[in-house]
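S.K.: Provided below are the primary sequence and the corresponding predicted coordinates.
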Amino acid sequence: MLIADAQVHAWSQGESTGHHRRTPITGEVLSAEMAHAGVDRVVLVPPLWDTSGNGYSLALARSDPQRFAVMGLLDPHLPDLPGRVRGWTREPGMVGMRFLFNTPERLVPVHEGRLDAVWPIAEEAGLVVAFLAPGHLDLVDQIAARHPALRIIVDHLGVPRAATGPMAFNHLPQLLAMAKHPNVHVKAVGVGDYALDPYPFRSLSEPLRRVFDAFGAERVMWGSDLSRLHHPYRQCVSHFVEELPWLSGDALRQVMGLNLCRLLDWDTAPPKA
């Protein structure tokens, strides 16, 4: 079974912040952790603290395009955002972009309309757009409705930062309502950190099942967010592969990697000899 991780922050310079590990996840470190956890592919999401911007992640993707791809960060304050997005369509290794709508400051460009020109370009180019928007799923809902061909991912199942236990899923009705948009997908990333109970996180089975029932297995993708995990990488994999009895067979294969590769147009054929 192909296992493709939908989100890892890799970096070699800059100091990490918040709840992320302090030791950099370099390409060498990540490759070793992938081998130990049984992960075949990873989508790299450059962290804000990486002083090289998207550069380090893109270098990893170019060096090994069968294993790494990049969801880049686009600074909404830069000039000519449409031109930059068009340029990304020609950037080897760049398969999409991620936007953070998780603080008042980061919402200002949205409310000012600076990003309005980005969505139709990404829609036409086939770039996937991921949104970290806890508490602001209504904004993503509006974008999905206005741009039905734009391929959208809701990060972290919409869970607010540091939320745990039942409170982590108070927003679930709003998330599930977004399943009416065929272009919206959800990223179940590092969900073990939302549980108050230890591995195998039995408390998560019910909310996860509700997400799967609403979106269908073909619009859910697994990921780790490795730098913030409080449990082993391997357990992040085995939680889905071994501990969710209602997820098996073709649905499991889709969630653990095929959905992500299909959405990103990431070729799953074996490399040519």
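M.R.: Arrived safely. Being a predicted model, the structure only gives us computed values, none of them experimental.
S.K.: after the helix or strand containing residue 97, next one along is what?
M.R.: In this structure, residue 97 sits in strand 94-100 according to DSSP states H and E. Downstream of strand 94-100, the next assigned helix or strand under DSSP H and E is helix 104-111.
S.K.: Run the angle between that next one and strand 94-100 for me.
M.R.: Between helix 104-111 and strand 94-100, the angle comes out at 120 degrees (axes from the mean of the first three to the mean of the last three C-alpha atoms, to 10 degrees).
S.K.: what sits up against helix 104-111?
M.R.: Helix 104-111 has contacts (C-beta atoms under 8 Å, 6 or more residues apart in numbering) with 76, 77, 100, 101, 115, 136, 139. For every residue, glycine as well, the C-beta is placed using N, CA and C.
S.K.: Using CSV, lay out these together with pLDDT.
M.R.: Below are the contacts of helix 104-111 laid out as CSV (pLDDT from 0 to 100):
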residue, pLDDT
76, 91
77, 89
100, 95
101, 94
115, 95
136, 95
139, 96
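S.K.: Can I get the buried part of these as one ChimeraX selection?
M.R.: A single ChimeraX command selects the buried members of the contacts of helix 104-111 (16 or more other C-beta atoms under 10 Å):
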select :76,100,101,115,136,139
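S.K.: Redo the contacts of helix 104-111 as a markdown table? Include distance to residue 188 and secondary structure.
M.R.: Listed next are the contacts of helix 104-111 as a markdown table, based on distance: C-beta to C-beta, whole Å; DSSP: H, G, I helix; E, B strand; the rest coil:
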| residue | distance to residue 188 | secondary structure |
| --- | --- | --- |
| 76 | 27 | coil |
| 77 | 31 | coil |
| 100 | 19 | strand |
| 101 | 19 | coil |
| 115 | 25 | coil |
| 136 | 19 | coil |
| 139 | 21 | helix |
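S.K.: which one of the contacts of helix 104-111 sits closest to residue 64?
M.R.: residue 100 (26.7 Å; C-beta to C-beta).
S.K.: Mind listing the residues bridging to that closest one?
M.R.: Beta-bridge partners of residue 100, counted by DSSP bridges, are residue 132.
S.K.: Tell me if I'm right that it and residue 136 touch.
M.R.: No. The pair residue 100 and residue 136 fails to qualify as a contact (C-beta atoms under 8 Å) at a distance of 10.4 Å.
S.K.: just checking, what packs against the strand holding residue 97?
M.R.: Helices and strands touching strand 94-100, by 3 or more C-beta pairs under 8 Å, 6 or more residues apart in numbering; DSSP states H and E, are strand 68-73, helix 81-88, strand 128-132.
S.K.: what's the offset of the shortest one from the middle of its chain?
M.R.: For strand 128-132, the gap between its own C-alpha mean and the chain's C-alpha mean amounts to 7 Å (C-alpha atoms, centre = their mean, to the nearest Å).
S.K.: Before I go, just wanted to say thanks for your time.
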